[in-house]
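K.L.:
how would this look folded up:
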Amino acid sequence: MSPLPPLPAIRAFEAVARHLSFTRAAEELGMTQAAVSYQIRILEERVGTPLFLRKPRRIELSQTGAQLAPEVAKGFAVLRAAFAELGGRVDATLAISAVPTFASQWLAANLGLFQVGHPDIAVRIESAPEIIDFAGTEIDVAIRATGRMAPGLVAHGLTKVEYAPMLHPRLVEEYGVREPADLLRVPQITPDDPWVAAWFKRAGVAVPPAPERPFARLGFQSMEAVAVMAGRGVAMLTPQFYPEEIRAGRMVQPFSTVGWDGHYYYLVYPEARRNNPKIRAFRDWILEATAPLRALEQS
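P.N.:
Presented below is the predicted three-dimensional model:
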């Protein structure tokens, strides 16, 4: 199989054949007219015959050029269609990386509303606590809980990462929870959670250190919430994620005191992608959809 001529030469031939002008082809390709002529000369040397007939103030395709031009044009049309189709598939999928608590407690329940309004955009969610390197992944946007933002990223605050003790109503009666200090008698679902000591300090209660005996560390707030609703103890949760569970009596926030360590849940994406249509559509939707969360925050 004979090797193809250099692609720049083929591209130059396609443009000159379409315009029948070295000048206009050079303008389209961002090259000088001399550079286009050089590429055509390379191709003619490879073919072994002239591809254009140079006439006063105009050029024409030679017989060989006229045979070659439609096939070359067809080849470039196939390439353009292939890349357009690929670009359409890429643009039609929004890849989201979200921290597990936000993904499970809010995003999973509400994302269907985004797709109802944007049926042409498919969504893929990856739930992970790790920081995303946008340059090294196919992730379009991320939702992270943080107090500071890396340079080069656009960040939109969705809601505060607040916390308060929450437990099953049965445990409130069983342990006689009437004031914050009473919670110290209730089993702690994650005793070494730093929010525990921080909240009790805010409530004016000295909290003993976490027990030295073995205990379960559930890791994610969504798992702690399941344990709370099962009546296994008290855990520090973000109240605005659980309004339905509170209304249904599956858990209760016994005190209005709420802690906050300065972190927000942010929607983030690279500055260079801020005008990407699918990112812009998701940004506009999630900022409106999370407004009720922000309304539940304590000022």
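K.L.:
all contacts plus neighbour counts: C-alpha atoms, from now on.
P.N.:
Fine.
K.L.:
Which parts of the stretch 51-200 of the chain are helices?
P.N.:
When secondary structure is read from DSSP state H, counting those that start in this stretch, the stretch 51-200 of the chain shows helices at 63-91, 100-102, 108-117, 169-174, 194-202.
K.L.:
what pLDDT, on average, does the third one get?
P.N.:
What it means is helix 108-117. When the per-residue pLDDT values of helix 108-117 are averaged, the result is 92.
K.L.:
Is Y175 in contact with A181, as I believe?
P.N.:
No - with contacts counted by C-alpha atoms under 8 Å, Y175 stays clear of A181, the gap being 11.2 Å.
K.L.:
ok, now which ones touch G233?
P.N.:
Counting by C-alpha atoms under 8 Å, 6 or more residues apart in numbering, G233 touches 167-168, 171, 186-189, 227.
K.L.:
top of those by neighbour count?
P.N.:
By neighbour count, taken as other C-alpha atoms under 10 Å, the most surrounded of these turns out to be L167 (30 neighbours).
K.L.:
Which positions in stretch 191-199 come out as buried?
P.N.:
Of the residues in stretch 191-199, those scored as buried under the neighbour-count criterion (16 or more other C-alpha atoms under 10 Å) are 191, 195-199.
K.L.:
Out of the contacts of G233, which comes closest to Q39?
P.N.:
Lowest distance from Q39 to those (C-alpha to C-alpha) belongs to A227, with 71.4 Å.
K.L.:
so how far is the strand or helix carrying the closest one from its chain's centroid?
P.N.:
Element membership for A227 (DSSP states H and E) is helix 221-229. Using C-alpha atoms, centre = their mean, to the nearest Å, we find the averaged C-alpha position of helix 221-229 to lie 26 Å away from the chain's own average C-alpha position.
K.L.:
Quick one: name whatever helix or strand follows that helix.
P.N.:
Taking DSSP H and E as the definition, the helix or strand that follows helix 221-229 towards the C-terminus is strand 235-237.
K.L.:
circling back: pull the residues that contact the helix holding A227.
P.N.:
The contact list for helix 221-229, computed with C-alpha under 8 Å, 6+ apart, reads 100-101, 104-105, 166-168, 189-190, 218, 233-235, 237, 250-251.
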